[in-house]
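**Student:** Pasting a predicted model and its sequence here:
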Amino acid sequence: MMSHKLTVHKKAYTRKSYTRKGHIHVKAAHVGASTFKITDRGAVGRGRPVVGKLKRGTLGVHFHKSADARHRIEAAHAKKYGEKHVVHQLIALEVLNKRVNPELAKKAKEDAHWVAGSFKGHKRVPTGTGFKRKALRDVA
């Protein structure tokens, strides 16, 4: 995904008067026009990511590998860091990639479902007896 710069032109407007905390009255004022550049994030409403940035390679999973290979890596991380940590990172990957790379997002969601069902904290349990969140059950 290439990030392009967009030029945004904001029109001038008159701000209405209002009262701040402490009963301080702020007069109406004219706000001038301004122009600035922003990074194009695609569709409308795709502003700054709420999830935040992930450091590359912290999870150690490569999504071009088979599901078994990914599960082995994720299991090792879940034993070391805990099930919640791994699930949160996989869900973050899913959210950040659902528009850019839907295949990767689907794999991340399925892997999060697998980890959530196979672990309780740092302990491996039989698949399907771990913690399952409602949002993770509906893997498409």
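**Tutor:** Arrived safely, thanks for sending. Numbering: from 1, shown residues only.
**Student:** Show me the strands in this protein, by range?
**Tutor:** Listed in chain order, the strands of the chain (DSSP state E) span 5-10, 13-15, 18-20, 24-26, 29-31, 34-39, 119-120, 123-124.
**Student:** so of those strands, which one's packed in deepest?
**Tutor:** strand 119-120 (a mean of 19; mean count of other C-beta atoms under 10 Å). Using the backbone N, CA and C atoms, a C-beta is placed for each residue, glycine as well.
**Student:** Please work out the average pLDDT along that strand.
**Tutor:** Averaging pLDDT along strand 119-120 yields 81.
**Student:** coming back round to it: quick one: closest of the strands of the chain to Leu96.
**Tutor:** strand 34-39 (14.9 Å; C-beta to C-beta).
**Student:** Check which strands are paired with the closest one and give the direction for each one.
**Tutor:** When pairing is defined by DSSP bridges, strand 34-39 lines up against strand 5-10 (antiparallel).
**Student:** Need the residues that contact the partner strand.
**Tutor:** For strand 5-10, contacts defined as C-beta atoms under 8 Å, 6 or more residues apart in numbering pick out 33-40.
**Student:** pLDDT on that strand, on average?
**Tutor:** For strand 5-10, the per-residue pLDDT averages 90.
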